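1. Take this sequence and fold it.
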Amino acid sequence: MKIFDQTHQEEFLSLLEKLCRIPAPSEQEDARASYIQNWISGECGLDAVIDEAKNVLVPINCQDNKAITLLMAHTDTVFPDTAPMPVVRTDTSIASPGIGDDTACVAMLMLLLKYKKQEFFSCQKSLLFAFNSCEEGLGNLKGCRRIMKDYEGCITQVISFDGGVAGICNHAVGSLRYEVRLRTKGGHSYNDFGSENAIHAMSRLICALYELKVPSVGRNTYNVGTINGGTSVNTIAQSCSCLFEYRSDMRENLADMDDFFRRTLDDFSQSHPQVKAELQLVGERPCTGDVDPEAQQALTQLALDSITRISGSVPAVSSGSTDCNIPLSLGIPAICFGGLMGDGVHTREEYVTISALMQEARIIEDFLENLL
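-> You can find the predicted model right below:
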């Protein structure tokens, strides 16, 4: 029985709207997790548990905890709002912050559990459905990390359904994210003119960090994302902070860029004795480890087949930064796909088109049938 057709379309869209209205910033997914848990219990008659990382977990045939396939979609969004989120539906689209990344895939997995649970139980495979927390930003993949730790040695493959990525991600882009804070004596802008200014010092440090020539092999990037500091227009700033990140799809390159970062910071501290530098690692996503290439290709091919069969086009296969970073770093085959079902990802104008949304749901349903 196919569920993502006209018969269940309205039920699916209604569930999606309800989920979108529930705010779920990283680390604050409690309300959305509770709704999902209660819905699965009431609509599916299945036991769902919320772990300490705020993941909602639904194990099927996992009594022996052997050769588990982890199927996941993340509940958090990039938006800090804690009030109900806006949802606008037209005849052709639905708009809401976080709807495509990744609330739509959450709703798809929920509906699949409701209507396909007997097939899941009868397939004899060990399945762990996870509606996981903290995929976005400085959530630092906390939810996935917790699942991989709690089921260590049991999970043999991972599929993350994440709607913010076009195509299939089957290789991890690692990242290191730092908060750098500079402190100075500061003072009055007129009376203490000439004293070291933390904002000015930070600008010099950032310029030095931007002198890095990225490695020529692989894809490697760096970025200053935010800068904060100062007290007032007539105050010599005593403190200034910035968030800085490095990304690479190769472990060696990430290590080399991190070495440059630390050497540059050390050199800066030595040449600016009146400035105190403080460093905090606020995010770390590992690169791909030693994954069996044949198992990884087989999983990728299953997704390629379903997407091509349903959509009629061949998706791109590329690297990315997703929940799959954790299993891939541990040598566990993993892929992430969901397709870009609209536009405006990570903006408040984010939307999905209903026709593309339903096609994506059919792709995921087809993929699971072939996987099992």
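
2. helices and strands of the chain: which one has the lowest mean pLDDT?
-> Considering only helices and strands, the least confidently modelled element of the chain by mean pLDDT, DSSP states H and E is strand 342-343, at a mean of 89.

3. Report all helices and strands that it contacts.
-> strand 351-353 (3 or more Cβ pairs under 8 Å, 6 or more residues apart in numbering; DSSP states H and E). For every residue, glycine as well, the C-beta is placed using N, CA and C.

4. Would you list the strands that the strand it packs on pairs with, along with their directions?
-> Applying DSSP bridges to the sheet, strand 351-353 is found paired with strand 93-95 (antiparallel), strand 342-343 (antiparallel).

5. Nearest approach to residue 304 belongs to which of those?
-> Counting by Cβ to Cβ, residue 304 lies closest to strand 342-343 out of those; the figure is 22.3 Å.

6. where does the chain dip in pLDDT?
-> Along the chain, the parts satisfying pLDDT under 70 run over 164-166.

7. Centre-most residue in it?
-> In the chain, the C-alpha closest to the average C-alpha coordinate belongs to residue 135, at a distance of 3.3 Å (Cα atoms, centre = their mean).

8. Show the contacting residues for that residue.
-> Contact criterion Cβ atoms under 8 Å, 6 or more residues apart in numbering gives 26, 74, 76, 102, 141, 143-144, 162, 322-323 as the residues in contact with residue 135.

9. mind checking the SS state of it?
-> Three states are possible here, and by DSSP: H, G, I helix; E, B strand; the rest coil the one that applies to residue 135 is coil.

10. So what sits opposite the residue nearest to it when sequence neighbours are not counted in the bridge?
-> Excluding its sequence neighbours, the residue lying closest to residue 135 (Cβ to Cβ, 6 or more residues apart in numbering) is residue 74, at 3.6 Å. As for beta bridges, residue 74 partners with residue 132 under DSSP bridges.

11. My guess is residue 74 contacts residue 147. True?
-> No - contact status for residue 74 versus residue 147: not in contact, 11.3 Å apart, counting by Cβ atoms under 8 Å.

12. Pull up the gap between the residue nearest to residue 135 and residue 322, please.
-> 9 Å (Cβ to Cβ, to the nearest Å).

13. higher neighbour count, the two?
-> Here residue 74 and residue 322 are set side by side on neighbour count (other Cβ atoms under 10 Å), and the busier one is residue 74, at 32 against 26.

14. State the distance from residue 350 to residue 167.
-> As it turns out, when the distance is counted by Cβ to Cβ, residue 350 lies 19 Å from residue 167.

15. Between the two, tell me which one has more neighbours.
-> The neighbour count for residue 350 versus residue 167, taken as other Cβ under 10 Å, is higher for residue 350 (25 against 19).

16. wouldn't the more buried one be in contact with residue 97 here?
-> Yes - distance between residue 350 and residue 97: 5.6 Å, which falls inside the contact criterion (Cβ under 8 Å).

17. Which residue, other than its chain neighbours, is closest to residue 335?
-> According to Cβ to Cβ, 6+ apart, the nearest residue to residue 335 is residue 170 (4.8 Å).

18. just how off-centre is whichever helix or strand that neighbour is part of within its chain?
-> Assigning secondary structure by DSSP states H and E places residue 170 in strand 168-172. With Cα atoms, centre = their mean, to the nearest Å as the basis, strand 168-172 stands 13 Å off its chain's centre.

19. helices or strands next to that strand in the packing?
-> Strand 168-172 is packed against helix 293-311, strand 317-320, helix 325-329, strand 334-337, with contacts defined by 3+ Cβ pairs under 8 Å, 6+ apart.

20. Residues in contact with the longest one: which ones?
-> Spelled out, that is helix 293-311. Under the criterion Cβ under 8 Å, 6+ apart, residues 157, 159, 168, 170, 313-315, 317, 333-335, 337, 339, 359, 362-364, 366-367, 370-371 lie in contact with helix 293-311.

21. Now the buried members of those residues.
-> Buried members of the contacts of helix 293-311, counted by 16 or more other Cβ atoms under 10 Å: 157, 159, 168, 170, 315, 317, 333-335, 337, 339, 359, 362-364, 366-367, 371.

22. need the helices for this protein, in chain order.
-> Defined through DSSP state H, the helices belonging to the chain, from first to last, are 6-21, 30-39, 104-122, 142-150, 198-209, 251-271, 293-311, 325-329, 354-371.

23. Among the ones you listed, which comes closest to residue 83?
-> Residue 83 lies closest to helix 6-21 among the helices of the chain, at 10.0 Å (Cβ to Cβ).

24. Going by neighbour count, which residues in the closest one are buried?
-> 8, 12-13, 15-17, 19-21.

25. Same check on stretch 149-163?
-> Buried residues in stretch 149-163, counting neighbours by 16+ other Cβ under 10 Å, are found at 150-151, 154-155, 157-163.

26. how long is that stretch end to end?
-> Taking Cα to Cα, to the nearest Å as the measure, stretch 149-163 stretches 25 Å from start to finish.

27. Quick one: distance of it to the chain centre.
-> Going by Cα atoms, centre = their mean, where stretch 149-163 is centred and where its chain is centred differ by 14 Å.

28. cool, and stretch 351-365?
-> The gap between the average C-alpha position of stretch 351-365 and the chain average comes to 20 Å, counting by Cα atoms, centre = their mean.

29. With stretch 234-247 instead?
-> Taking the mean of its C-alpha atoms, stretch 234-247 sits 26 Å from the chain's own mean (Cα atoms, centre = their mean).

30. Stretch 45-60 now?
-> Between the mean C-alpha location of stretch 45-60 and the chain-wide mean there is a distance of 19 Å, by Cα atoms, centre = their mean.
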